[in-house]
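Asker: below are the sequence and a predicted model; questions follow.
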Amino acid sequence: MPEFLTKETFKEKIFNFEDNKDWKFEGDKPALIDFYADWCQPCKMVAPILDELANEYKGLIDIYKVDTEDQKELAAMFGIQSIPSLLFIPKDGQPQMAAGALPKETFKKAFADVLKVEEPA
């Protein structure tokens, strides 16, 4: 299951924006953050896909969720205008944002292309 992030856990696991101005990823493996809201229909379509991917890529990619209604500061920090917004965070390099409900195959392609993690056999 994806892990839900608060401002505090975000600073520990992703990026401590209070200590660093420049991006410095705190994680030990690539990550995906789903910025969502409970009322959002496309978010509800993505949720079971992310659950499946969290199981399939367990130990390879960390998958997180941020409730934009509850964590307004995190949503504002990333300029979230529409949801779902998905932040792909490679181990090294800059994160990349994608918007909208993506199909499972698109996630897998982004995992390979952006996160450099191939689909487990």
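Answerer: Perfect, thanks for sending it.
Asker: did I read that right, residue 24 in a strand?
Answerer: No - the assignment for residue 24, made by DSSP: H, G, I helix; E, B strand; the rest coil, is coil rather than a strand.
Asker: chain neighbours aside, what residue packs nearest to it?
Answerer: With Cβ to Cβ, 6 or more residues apart in numbering as the criterion, residue 24 has its nearest non-adjacent residue at 6.4 Å, and that residue is residue 15. Every residue, glycine included, has its C-beta placed from N, CA and C.
Asker: let me see the contact set for the one you found.
Answerer: Residues in contact with residue 15, defined by Cβ atoms under 8 Å, 6 or more residues apart in numbering, are 23-26.
Asker: relative to residue 93, how far out is it?
Answerer: Taking Cβ to Cβ, to the nearest Å as the measure, residue 15 falls 13 Å from residue 93.
Asker: tell me the average confidence for whichever helix in the chain runs longest?
Answerer: What stands out as the longest helix in the chain, according to DSSP state H, is helix 41-56. Averaging pLDDT along helix 41-56 yields 96.
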